[in-house]
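K.L.:
Please work out how this folds:
(one chain, ligands or ions: 1)
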Amino acid sequence: MNLPVDLINSLQSVKGFSREAFEKEHASPEKVTSIRINPYKWSTSSLPLLFPSLERTGIPWCETGYYLSVRPSFTPDPFFHAGCYYVQEASSMFLEQVIKAVFPGHEQARLRILDLCAAPGGKTTHLSALFPEGFIVANEVIKTRAGILAENVVRWGKENIIVTSNDPAAFNRLQGYFDLVVADAPCSGSGMFRKDPESIKEWSPQHVDLCSKRQKRIIEDCWPSLKENGIFIYATCSYSVKENEEVLDWIADTFEVDTVSVPHAAADGIVETVSDRNTMYGYRFYPDKIKGEGFFIACMRKKGHIDEQIPDPKRLVMASKQDRNIISPFLTNPEQYELVYTGREVDILKKCNMDDIAALYPVLYIKKPGIRAGKIMKDELIPSHELALSTIIALNLRGIDADPETALEYLRKKDFSADNASKGWNVVRFMGHNLGWVKILPNRINNYYPSALRILKH
Ligand code: SAM
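P.N.:
Alright, predicted model coming up:
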């Protein structure tokens with residue numbers, strides 16, 4: 001692997017960089033594969049059921065993260081489609097230690113959280129796991145990527161995430177609103193060279209400069225949306241100082257902030273750095289020192305007074321009592337949710353998040369405000385795929401327990417038979433995990449797995 005000479009030269013005096021070990025690691029064919037299990041769908045005690053033929057070892061900085069001894073094909077695994085785990089690069093999971101350092105009671109905290117650059121959804125789903133009571137706005141500006149983000153959020157199934165698709169500048173109108181903003185910024189990507197050697201061709205010092213400018217613009221745009229004493233987490237997958245420590249220095253020059261350190265990082269081989277001018281802490285991940293890819297993360301607390309200012313909320317249209325009665329039996333705790341119409345569809349929103357969602361509508365393009373219930377037609381719910389994958393669905397619905405072959409046929413959107421299945425809507429389950437819907441008719445089964453998600457490979 002021919003690493004860019006300009007990159008290597010720029011890193012010579014950076015703390016933790018050791019040229020020989022770095023180049024050796026990049027020349028090695030070894031690839032690291034890691035997953036993070038979904039605590040709302042899977043327990044660590046069931047871990048042996050996931051990839052039973054592979055060796056799994058825990059990732060030191062993430063309780064739900066595991067390395068896999070080889071990279072399996074995830075496509076034919078029904079558990080993947082059921083959202084039981086998320087395939088994520090291990091270094092990124094250090095976000096958990098940052099959260100633990102600043103929010104000791106995160107499991108109970110009802111915070112407003114913005115994941116500003118969220119696609120494909122690694123940090124979003126991790127934040128959702130760390131803040132079960134949080135209100136998480138997962139934003140992705142690029143429309144096609146926002147679609148991928150929404151797909152992953154649907155698989156994850158937790159009702160505490162809304163998906164938006166806006167330029168960071170849109171968040172300017174939500175002054176002093178969020179308790180936590182995570183900006184996992186677009187970057188020059190040198191940290192991913194080992195995984196994606198093709199991307200080396202796109203690297204240049206000019207691109208690093210351009211990324212650094214864009215990173216500052218993104219931060220400037222979202223900064224007003226953070227509360228006084230709110231936490232800002234900045235991350236990149238670049239090694240360049242210009243995109244990391246220099247951006248931290250720029251933040252400290254431009255805004256009032258306190259840097260935050262994350263304890264015990266060094267014990268895991270992570271390198272703590274401080275920025276030149278303002279001694280802001282940052283954490284560097286080098287693949288020759290830890291088992292993972294190149295990554296940088298930093299955390300700070302916003303200082304300075306800012307009043308909360310948000311535009312008038314939109315009036316949401318509540319579902320009729322009749323439609324509520326149709327949908328409620330599909331939910332585990334229907335009393336915790338409001339049902340609202342979005343066009344002809346009905347969305348399920350957590351009651352405690354209603355005010356927040358109504359406040360965001362006038363400011364943001366909301367792609368997914370909650371869990372979609374589906375459409376009511378002729379007094380019947382045509383249930384949506386995301387309801388099947390959600391963690392709020394009732395557990396006593398009619399269902400078909402698919403064996404591995406049937407599960408794959410279902411995920412390929414093929415016809416299959418199900419003896420003795422009851423007529424009407426049925427959830428297809430694989431080892432207790434929902435995959436989607438079928439409708440059983442007197443003489444056939446209609447497979448409602450979304451065409452766009454079906455497995456094409458054999
Ligand atoms: N946080 C994601 C995760 O953990 O899966 C990864 C985010 S990726 C490093 C950066 C994201 O920023 C990409 O999805 C990219 O589309 C988005 N992006 C690109 N240009 C942007 C811009 N000008 N403002 C905000 N986000 C941008």
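K.L.:
near the ligand, which residues of the stretch 51-200 of the chain?
P.N.:
When proximity is defined as CB under 6 Å from any ligand atom, the stretch 51-200 of the chain approaches the ligand at 92, 117-123, 140-142, 145, 168, 184, 186. (Glycine included, C-beta is placed from N, CA and C.)
K.L.:
what about 8 Å?
P.N.:
Residues of the stretch 51-200 of the chain found near the ligand (CB under 8 Å from any ligand atom) are 88, 92, 115-124, 126, 139-142, 145, 149, 167-168, 182, 184-187.
K.L.:
Tell me the buried residues within these.
P.N.:
88, 92, 115-124, 126, 139-141, 145, 149, 168, 182, 184-187 (16 or more other CB atoms under 10 Å).
K.L.:
The residues you listed in strands, which ones?
P.N.:
115, 139, 182, 184 (DSSP state E).
K.L.:
now, among the residues you listed, which is nearest to residue 368?
P.N.:
Taking CB to CB as the measure, residue 368 lies nearest residue 139 of those, at 11.3 Å.
K.L.:
which ones are touching that closest one?
P.N.:
Counting by CB atoms under 8 Å, 6 or more residues apart in numbering, residue 139 makes contact with 114-118, 163-166, 168, 171, 364.
K.L.:
In the stretch 201-350 of the chain, which residue sits closest to the ligand?
P.N.:
residue 218 (4.9 Å; CB to the nearest ligand atom).
K.L.:
To which secondary structure element is that residue assigned?
P.N.:
helix 205-222 (DSSP states H and E).
K.L.:
before we move on, what about residue 405?
P.N.:
helix 404-411.
K.L.:
what do you get for residue 21?
P.N.:
Using DSSP H and E, residue 21 falls in helix 19-27.
K.L.:
Buried residues, that helix. List them.
P.N.:
22, 25-26.
K.L.:
neighbouring contacts of that helix?
P.N.:
Looking at what lies outside helix 19-27 - CB under 8 Å, 6+ apart - the contacts are 1, 3, 8, 11-12, 193-194, 286-289.
K.L.:
Apply 7 Å and report the result again.
P.N.:
1, 3, 8, 193-194, 286-288 (CB atoms under 7 Å, 6 or more residues apart in numbering).
K.L.:
Name the strands paired with the helix or strand following that helix and say parallel or antiparallel.
P.N.:
Using DSSP H and E, the next helix or strand after helix 19-27 towards the C-terminus is strand 33-37. Within its sheet, and counting by DSSP bridges, strand 33-37 is paired with strand 62-68 (antiparallel), strand 85-87 (antiparallel).
K.L.:
can I get the ones you listed in JSON lines with mean neighbour count?
P.N.:
Compiled in JSON lines, the strands paired with strand 33-37 are given as follows (neighbours: other CB atoms under 10 Å):
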{"stretch": "strand 62-68", "mean neighbour count": "20"}
{"stretch": "strand 85-87", "mean neighbour count": "22"}
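K.L.:
if we can go back for a sec, now the two most distant members of the ones in strands among the buried ones among the residues of the stretch 51-200 of the chain next to the ligand.
P.N.:
Going by CB to CB, the pair spanning those furthest: 139 and 184, at 11.1 Å.
K.L.:
relative to helix 205-222, how tilted is the longest strand seen in the chain?
P.N.:
For the chain, the strand that runs over the most residues, judged by DSSP E, is strand 226-236. Relative orientation of strand 226-236 and helix 205-222, computed by axes from the mean of the first three to the mean of the last three CA atoms, to 10 degrees: 160 degrees.
K.L.:
what does whichever helix or strand comes after strand 226-236 rub up against?
P.N.:
The helix or strand immediately downstream of strand 226-236 is helix 245-254, counting by DSSP H and E. The set of residues external to helix 245-254 that reach it, using CB under 7 Å, 6+ apart, is 212, 215-216, 219, 234, 257, 273, 275-278, 280, 282, 298, 300.
K.L.:
Now restrict those to buried residues only.
P.N.:
For those, buried by 16+ other CB under 10 Å: 212, 215-216, 219, 234, 257, 273, 275, 280, 282, 298, 300.
K.L.:
Switch those residues over to a markdown table; also include distance to residue 71.
P.N.:
Below are these laid out as a markdown table (distance: CB to CB, whole Å):
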| residue | distance to residue 71 |
| --- | --- |
| 212 | 32 |
| 215 | 30 |
| 216 | 36 |
| 219 | 34 |
| 234 | 29 |
| 257 | 39 |
| 273 | 31 |
| 275 | 36 |
| 280 | 36 |
| 282 | 29 |
| 298 | 30 |
| 300 | 35 |
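K.L.:
How confident is the prediction for residue 415, by pLDDT?
P.N.:
Reported pLDDT at residue 415 in the predicted model: 88.
K.L.:
What is the burial count for it?
P.N.:
10 (other CB atoms under 10 Å).
K.L.:
what's near enough to touch it?
P.N.:
Residue 415 neighbours (CB under 7 Å, 6+ apart): 445, 447.
K.L.:
Swap in 8 Å and give it another go.
P.N.:
Counted by CB under 8 Å, 6+ apart, residue 415 has contacts 409, 444-445, 447.
K.L.:
can you tell me which of those are in strands?
P.N.:
Reading strands off the contacts of residue 415 with DSSP E, I get 445, 447.
K.L.:
top of the contacts of residue 415 by neighbour count?
P.N.:
residue 447 (20 neighbours).
K.L.:
If that one is in a bridge, with which residues?
P.N.:
residue 438.
K.L.:
show me what contacts it?
P.N.:
By CB under 8 Å, 6+ apart, the neighbours of residue 447 are 410, 413-416, 438.
K.L.:
How much space separates it from residue 372?
P.N.:
19 Å (CB to CB, to the nearest Å).
K.L.:
circling back to that earlier point, look up the residues that both of residue 139 and residue 184 are in contact with.
P.N.:
With CB under 8 Å, 6+ apart, residue 139 and residue 184 have common neighbours 115-118.
K.L.:
Nearest to the ligand, out of the contacts of residue 139: which one, please.
P.N.:
Using CB to the nearest ligand atom, the contacts of residue 139 come closest to the ligand at residue 117, 3.2 Å.
K.L.:
contacting residues for that closest one?
P.N.:
With CB under 8 Å, 6+ apart, residue 117 has these contacts: 139-141, 183-186, 218.
K.L.:
Just give me the neighbour total for residue 321.
P.N.:
Residue 321 has 8 nearby residues by other CB under 10 Å.
K.L.:
Please report how far it lies from residue 387.
P.N.:
20 Å.
K.L.:
okay but residue 112 is in contact with residue 179, surely?
P.N.:
Yes: at 5.3 Å, residue 112 counts as touching residue 179 under the criterion of CB atoms under 8 Å.
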